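**Q** no FASTA, just this:
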Ligand code: SF4
């Protein structure tokens, strides 16, 4: 399992709230810090990689289990 | 990119309002062609469509997952996107728009003024020289008209600082053009509802993957949705709404058998699960030993007769709708009980109960 510094539970929230919550959590971390995101909106599957790419973050993992996605995002330097 | 203009030397930065549709994407691209450093902002109002219906209901087999259009447009453009939640401030715009509503409950003019003002405020704070949008003269009946553009600019306090690259040649010169930051000759003069010039420009820029304009940008232009919002307001003392309220209007079958209460009934397993997240403060009705929807009862739910009627309606949408009796579990405020009811026959559920 991956280690992380902060957890964002966005289960039940619709797009774009899971991304907005992750963004808010990221603000309190310095480069290299990791957020674990839990989400149920299927949009996350395409949106999180795109968001990471344009913001220079690294998507370390994005795994679906049942109806829940778990992701680990590392903040860009 | 071709022929960068003086913008490259002076590092001119512009912040664009990006919906993710073709027009705002093209507007950004036109400025990038001139060497302007572009970033974009996208506002979350709470009413954004962004495939919410797709996210709430069971996906169609083989359908690709829904996506956030602005995010993907920003990725295609290769620009930074500021995603900003304005949903709480936006309540005032929806409940009391100074310029009124469009065809449904869409306060487009007030909405535009609010977003443009916010974008300009951000631009000044983050050091952008001007803002831009993908608006095209005559494209939308309420907000994109010759007489409304000056209203937007004036009321948002951006006179001269909001550039509309796609329609600029039909508008007075803006500050960025006057100062030589933007070459006016390389902007466009599109107008009207036609899409051909935009499609041609998209082809020139090799942009392929953009959403269809028919998708619309928010639920406030959707007739079914706004009917439910009007219903919500009609049976409350005021027009306020919470985030839960507006989310719930996006899901389920809504039935109002009495003025003082309403039912929201899941139409598939995914909707049941979605509704299940809104149990707090509502009565929850579910079938026992039978497939059936999750039903939420909201409003004044105290009367036993009303609860019985709610249960009979809930049973009508279950697999037991033709049975004499259906068992249901009724939960409220941590207390649950099992009841047995006869499903309400179709002829006892008049059409006007459906919101
Ligand atoms: S359609 Fe909705 S988001 Fe678009 S301008 Fe009108 S009110 Fe605003």
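**A** Ah, there it is. Keep in mind that what you see is a predicted model, and the values were worked out from it rather than measured.

**Q** And the helices in chain B, which stretches?
**A** Using DSSP state H, the helices of chain B run over residues B:7-10, B:22-33, B:52-56, B:69-77, B:87-95, B:108-126, B:149-155, B:175-178, B:196-204, B:223-234, B:243-248, B:269-276, B:304-316.

**Q** by contact count, what packs against the fifth one?
**A** Secondary-structure packing of helix B:87-95 (3 or more Cβ pairs under 8 Å, 6 or more residues apart in numbering or on different chains; DSSP states H and E): helix B:108-126. Where C-beta positions appear, they are placed from N, C-alpha and C, glycine not excepted.

**Q** can you give me the angle the helix it packs on makes with helix B:87-95?
**A** Using axes from the mean of the first three to the mean of the last three Cα atoms, to 10 degrees, the inter-axis angle of helix B:108-126 relative to helix B:87-95 is 150 degrees.

**Q** starting at the chain centroid, how far to helix B:108-126?
**A** 17 Å (Cα atoms, centre = their mean, to the nearest Å).

**Q** what does stretch B:334-341 give?
**A** 37 Å.

**Q** tell me the contacts of the nearest residue to residue B:336 once chain neighbours are set aside?
**A** Sequence neighbours aside, residue B:329 is the residue nearest to residue B:336 in space, at 5.8 Å (criterion: Cβ to Cβ, 6 or more residues apart in numbering or on different chains). Contact partners of residue B:329, counting by Cβ atoms under 8 Å, 6 or more residues apart in numbering or on different chains, are B:285-288, B:336-338.

**Q** nearest spatial neighbour of residue B:75, skipping sequence neighbours?
**A** Spatial nearest neighbour of residue B:75, excluding adjacent residues (Cβ to Cβ, 6+ apart): residue A:50 at 4.4 Å.

**Q** wait, what's in contact with that neighbour?
**A** Residues near residue A:50 by Cβ under 8 Å, 6+ apart: B:67-68, B:71-72, B:74-75.

**Q** just for chain B, where's the confidence low?
**A** Where chain B drops to pLDDT under 70, the residues are B:1-9, B:50-55, B:57-61, B:142, B:213-217.

**Q** tell me which parts of it are close to chain A?
**A** Proximity of chain B to chain A, by Cβ under 8 Å from any Cβ of the partner chain, involves residues B:42, B:44, B:48, B:50-52, B:54-56, B:59, B:64-68, B:71-72, B:74-75, B:78-81, B:83, B:85, B:247, B:270, B:273-274, B:277.

**Q** hmm, back to that, which of the contacts of residue B:329 ranks first by neighbour count?
**A** In terms of neighbours by other Cβ atoms under 10 Å in any protein chain shown, these top out with residue B:285 at 27 neighbours.

**Q** Just to confirm, which residue in chain A is farthest away from the center?
**A** In terms of distance from the mean C-alpha position of chain A, residue A:66 ranks first, at 17.5 Å (Cα atoms, centre = their mean).

**Q** any idea whether the residue positioned nearest the centre of chain A is helix, strand or coil?
**A** In chain A, the centroid-proximal residue (Cα atoms, centre = their mean) is residue A:37; its distance is 4.3 Å. Classification of residue A:37 using DSSP: H, G, I helix; E, B strand; the rest coil returns strand.

**Q** Tell me the span between the first and last residue of stretch B:17-26.
**A** One end of stretch B:17-26 sits 12 Å from the other (Cα to Cα, to the nearest Å).

**Q** residues in contact with it?
**A** The contact list for stretch B:17-26 (Cβ under 8 Å, 6+ apart) reads B:16, B:28, B:40-43, B:68-74, B:76-77, B:81, B:115-116, B:119, B:131-136, B:139, B:165-166, B:195, B:198-199, B:201-202, B:205, B:207, B:210-211, B:213, B:215, B:217.

**Q** let's see 7 Å
**A** If you take Cβ atoms under 7 Å, 6 or more residues apart in numbering or on different chains as the criterion, stretch B:17-26 is touched by B:16, B:28, B:40-42, B:69-70, B:72-74, B:77, B:81, B:115, B:119, B:133-134, B:136, B:166, B:198, B:201-202, B:207, B:210-211, B:213, B:217.

**Q** need the helices for chain A, in chain order.
**A** Counting by DSSP H, chain A has helices at residues A:17-27, A:44-55.

**Q** Of all those, which one is nearest residue B:304?
**A** With Cβ to Cβ, the closest approach to residue B:304 among the helices of chain A belongs to helix A:17-27: 37.9 Å.

**Q** So which bits of that closest one are buried?
**A** Using 16 or more other Cβ atoms under 10 Å in any protein chain shown as the test for burial, helix A:17-27 gives A:17-23, A:25-26.

**Q** ditto for stretch B:239-252
**A** Using 16+ other Cβ under 10 Å as the test for burial, stretch B:239-252 gives B:241, B:245-252.

**Q** Do me a favour and get the end-to-end distance for it?
**A** First-to-last residue span, stretch B:239-252, Cα to Cα: 22 Å.

**Q** Just send the buried residues of helix A:17-27 back as a markdown table, with distance to chain B and pLDDT too.
**A** Shown next, in a markdown table, are the buried residues of helix A:17-27 (distance: Cβ to the nearest Cβ, whole Å; pLDDT from 0 to 100):
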| residue | distance to chain B | pLDDT |
| --- | --- | --- |
| A:17 | 8 | 91 |
| A:18 | 10 | 94 |
| A:19 | 6 | 95 |
| A:20 | 5 | 94 |
| A:21 | 9 | 95 |
| A:22 | 10 | 96 |
| A:23 | 7 | 94 |
| A:25 | 14 | 94 |
| A:26 | 12 | 94 |
